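Enquirer: one predicted model, sequence on top.
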Amino acid sequence: MEFKNTEAFADALDRDDRLAAYRQAFHFPQHEGKDVIYFTGNSLGLQPKSAARFVNEILDDWKELAVEGHFKARNPWWTYHERLIPPLARVVGALPEEVTVMNTLTVNLHLLMVSFYRPQGRRFKILCEEKAFPSDQYMLQSQLRYHGFDPAEALIEVRKRPGEHAWHTDDFLSAITAHADELALVLLGGVNYYNGQVLDMETITRAGQDAGALVGWDLAHAAGNVRLALHDWGVDFAAWCSYKYMNSGPGNASGVFVHQRHLNDPRIPRFEGWWGTRKETRFLMRPEFDPVSTADAWQLSNPPVLALAPYLASLELFEEVGMEALLAKRNRLTAYLEFILGEVAREAGSRFEIITPADRGCQLSVLLHGEGRPLFDYLMEHGVVPDWREPNVIRLAPAPFYCSFRDMFQFGQVLREGIRAGKGR
Ligand SMILES: *Cc1c(COP(=O)(O)O)cnc(C)c1O
């Protein structure tokens with residue numbers, strides 16, 4: 001499609017957008033009486049307007065029923081988390097039995113390492129990408145030290161080629177081959193938080209497994225943003241947070257995927273708690289652990305129902321819209337943003353460059369070659385909410401659920417004004 005950098009054209013794209021009405025389903029922060037142009041759905045998704053109703057239901061049931069709410073609430077709390085599973089499984093391309101919701105992301109990665117990082121003899125190394133999200137680096141380093149290894153030796157980081165901004169799939173494959181008989185685990189971010197790149201999860205998973213390693217994915221920036229087929233790709237395990245593209249609210253619960261072939265396998269170690277035992281006998285309070293036959297076996301505690309409520313509100317929207325429709329809008333919206341950026345760069349002669357490769361979700365990372373921070377500040381002061389990453393990158397993630405084509409056009413106008421005002425030189 002031939003794009004135009006005009007308000008009329010952006011409005012026409014919005015009229016043609018089947019999801020345009022979903023903007024009304026979310027609360028927007030206000031700037032001078034208008035909705036901000038929100039580009040940080042990759043950091044904290046907007047609040048679904050329905051979230052308050054879901055939370056209030058729990059508060060009311062707690063007020064009126066107290067402990068009886070576990071079994072007698074409108075949506076009984078002891079099985080509340082089960083309501084999130086089918087819609088969430090559809091978002092990540094999993095069987096419902098392969099998915100559970102619990103804890104937070106870094107905690108879950110640690111718990112999954114108990115099950116899936118099992119160094120043996122020479123096979124003790126972990127392969128990840130260079131400059132993984134800091135929490136993942138800390139997690140991996142501390143796990144290795146806990147097992148008595150030196151991260152400098154045991155952690156293999158796949159680098160970008162000199163002067164390039166994205167990884168090559170081939171470089172993952174050759175690193176896997178080079179270390180084939182030493183690799184215990186491959187653990188990577190499915191979508192890189194910095195450059196927005198989507199890794200070829202299917203190919204890398206197969207290569208890692210062919211080398212005899214287990215393969216897990218951190219999907220923090222992938223869930224709700226890109227097409228995932230975790231079951232069909234044969235991924236061993238994965239985890240993601242829900243407050244980014246999944247719009248569940250700050251610090252909210254994480255999702256976990258464990259492939260069907262690892263369920264009910266007594267050889268796989270696991271840290272356990274009472275919420276992983278079978279419902280039928282859980283309240284008999286027996287000493288022996290009788291695991292649920294699904295990924296719920298990895299649950300430890302009874303879930304934070306008040307936190308799950310807004311997550312469920314959000315998942316109902318995902319269920320209504322469907323990933324395919326979201327992905328179709330995402331492609332067009334991000335392409336339009338890319339076009340607008342190109343137009344502004346051309347007109348203003350400003351030196352910035354999109355470092356996100358063609359394999360991408362909705363995020364575009366823009367590297368500013370001059371002084372970036374004043375331009376970022378200018379955007380923030382003018383009703384645009386992007387995000388800043390050192391040393392000189394602005395990340396723009398137009399979430400297809402609630403961002404409009406008009407937003408992209410108006411952003412272009414603000415950006416051009418900012419550059420004209422002498423920022424971003
Ligand atoms: C956002 C993000 C996290 C955050 O971890 P929490 O435990 O939820 O605080 C971890 N890893 C990646 C790759 C992320 O993008």
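Expert: Happy to help now that I have it. What you see is a predicted model; the values in this text were computed from it and never measured.
Enquirer: and whatever helix or strand Lys63 lives in, what's buried?
Expert: With elements taken from DSSP states H and E, the one containing Lys63 is helix 51-65. For helix 51-65, the neighbour count (16 or more other CB atoms under 10 Å) marks 51, 54-55, 57-58, 61-62, 65 as buried. Glycine gets a C-beta too; all of them are placed from N, C-alpha and C.
Enquirer: for stretch 416-425, same thing?
Expert: 416, 418-419, 423-424.
Enquirer: which of the buried residues of helix 51-65 lies closest to the ligand?
Expert: Among these, Ala51 lies closest to the ligand (CB to the nearest ligand atom), at 18.5 Å.
Enquirer: so how far is Arg53 from the closest residue to that closest one other than its chain neighbours?
Expert: Counting by CB to CB, 6 or more residues apart in numbering, Ala51 lies nearest to Pro310, which is 3.8 Å off, once chain neighbours are set aside. To Arg53, Pro310 is 10 Å away according to CB to CB, to the nearest Å.
Enquirer: go on, Gly163?
Expert: If you measure Gly163 against Arg53 using CB to CB, the figure is 52 Å.
Enquirer: returning to that earlier point: what does the helix holding Lys63 rub up against?
Expert: 69, 72-75, 77, 249, 305-306, 309-310, 312-314 (CB atoms under 8 Å, 6 or more residues apart in numbering).
Enquirer: that helix: how far from the chain's middle?
Expert: Remark: helix 51-65 is offset 28 Å from the chain centroid, using CA atoms, centre = their mean, to the nearest Å.
Enquirer: what does stretch 107-127 give?
Expert: The chain centroid and the centroid of stretch 107-127 are separated by 22 Å, computed with CA atoms, centre = their mean.
Enquirer: now stretch 313-327
Expert: 15 Å.
Enquirer: what does this protein put close to the ligand?
Expert: 104-106, 133, 135-136, 189, 193, 218, 220-221, 241 (CB under 6 Å from any ligand atom).
Enquirer: please redo it, this time with the cut-off set to 5 Å
Expert: 104-106, 133, 135-136, 189, 193, 218, 220, 241 (CB under 5 Å from any ligand atom).
Enquirer: tell me which of the residues you listed fall in strands.
Expert: Those of these mapping onto strands are 189, 218, 241, per DSSP state E.
Enquirer: ok, the last one - contacts?
Expert: With CB under 8 Å, 6+ apart as the criterion, the residues that contact Cys241 are 104-105, 220, 223, 252, 254-255.
Enquirer: where does the stretch 251-400 of the chain get nearest to the ligand, residue-wise?
Expert: Counting by CB to the nearest ligand atom, the stretch 251-400 of the chain gets nearest the ligand through Ser254, at 6.4 Å.
Enquirer: so for Gly189, what's the pLDDT?
Expert: Gly189 is assigned 98 on the pLDDT scale.
Enquirer: hang on, isn't it packed against Val226?
Expert: No: Gly189 is beyond contact range of Val226, at 11.8 Å (criterion: CB atoms under 8 Å).
Enquirer: neighbours of Asn108, just the number please.
Expert: If you count neighbours by other CB atoms under 10 Å, Asn108 ends up with 25.
Enquirer: so it, which of the three states?
Expert: Counting by DSSP: H, G, I helix; E, B strand; the rest coil, the backbone at Asn108 sits in helix.
Enquirer: can you count the residues close to Lys4?
Expert: Using other CB under 10 Å: Lys4 sits among 15 other residues.
Enquirer: where exactly do the strands run in the stretch 251-400 of the chain?
Expert: Using DSSP state E, counting those that start in this stretch, the strands found in the stretch 251-400 of the chain span residues 254-258, 352-354, 364-368, 384-385, 387-389, 393-396.
Enquirer: in CSV: the ones you listed, plus mean neighbour count and mean pLDDT.
Expert: As requested, the strands of the stretch 251-400 of the chain are arranged in CSV below (neighbours: other CB atoms under 10 Å; pLDDT from 0 to 100):
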stretch, mean neighbour count, mean pLDDT
strand 254-258, 27, 98
strand 352-354, 18, 91
strand 364-368, 21, 95
strand 384-385, 20, 98
strand 387-389, 16, 94
strand 393-396, 23, 96
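Enquirer: need those in JSON lines (columns: distance to Leu326).
Expert: What follows is those, written out as JSON lines (distance: least, CB to CB, whole Å):
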{"stretch": "strand 254-258", "distance to Leu326": "17"}
{"stretch": "strand 352-354", "distance to Leu326": "22"}
{"stretch": "strand 364-368", "distance to Leu326": "17"}
{"stretch": "strand 384-385", "distance to Leu326": "20"}
{"stretch": "strand 387-389", "distance to Leu326": "21"}
{"stretch": "strand 393-396", "distance to Leu326": "18"}
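Enquirer: can you tell me the residue of the stretch 151-300 of the chain closest to the ligand?
Expert: For the stretch 151-300 of the chain, CB to the nearest ligand atom, closest residue to the ligand: Ala220, 3.2 Å.
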